[in-house]
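S.K.: The following block contains a protein sequence and its predicted model.
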Amino acid sequence: MRNNIKGFAARAVSKSVAMLSGVVLLSACAGLQEMGKTPEELVRMRAESRWQAIIAGDWESAYSFSTPAFRSAVGLAAFTDRLRGAANRKGVEIRSVTCQQATCDVVLRLVFQPLMPRGHGELTTDMNERWVEVAGRWYVYQRF
């Protein structure tokens, strides 16, 4: 019986080490992808990823692009309520990214289907976002 417990514990530790190694490896790979990129390139990639998550209804992923301060003040459910049902978002195009110091301004064009189309079909609107660097990572700034 004691050998079974030791074997179980050894397997559990081995699995934990393997999982932790995988997380560290994935983090390192993400960091390597970001190495050598300008702030404009990084923010463009992150803004595109954020909006693709919003379009797909992947609220958890979209939420992860919010600043840590925003996430500590606004929970995922409240964040989701803000975005869900506003319009049927169809696509996004990042038009420009301009950075100074630890902030970047993003201009994007959102393609959407209004909830009450009234014969208009798809529409577009240009939007501005502010992105800020927090502890070496870029996040979209949102009001609480």
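M.R.: Yes, it's here.
S.K.: C-alpha only now, for contacts and for neighbours.
M.R.: Will do.
S.K.: okay, which residue is most central for the protein?
M.R.: What sits nearest the mean C-alpha location of the chain, by Cα atoms, centre = their mean, is F65, with 3.5 Å.
S.K.: The residue nearest to that one when sequence neighbours are not counted: what's it in contact with?
M.R.: Nearest non-adjacent residue to F65, counting by Cα to Cα, 6 or more residues apart in numbering: Y139, 5.2 Å away. For Y139, the contact set (Cα atoms under 8 Å, 6 or more residues apart in numbering) comprises 65-67, 131-133.
S.K.: top of those residues by neighbour count?
M.R.: W131 (25 neighbours; other Cα atoms under 10 Å).
S.K.: That residue and Q100, how far apart?
M.R.: 11 Å (Cα to Cα, to the nearest Å).
S.K.: do R50 as well
M.R.: For R50, the distance to Q100 - Cα to Cα - is 21 Å.
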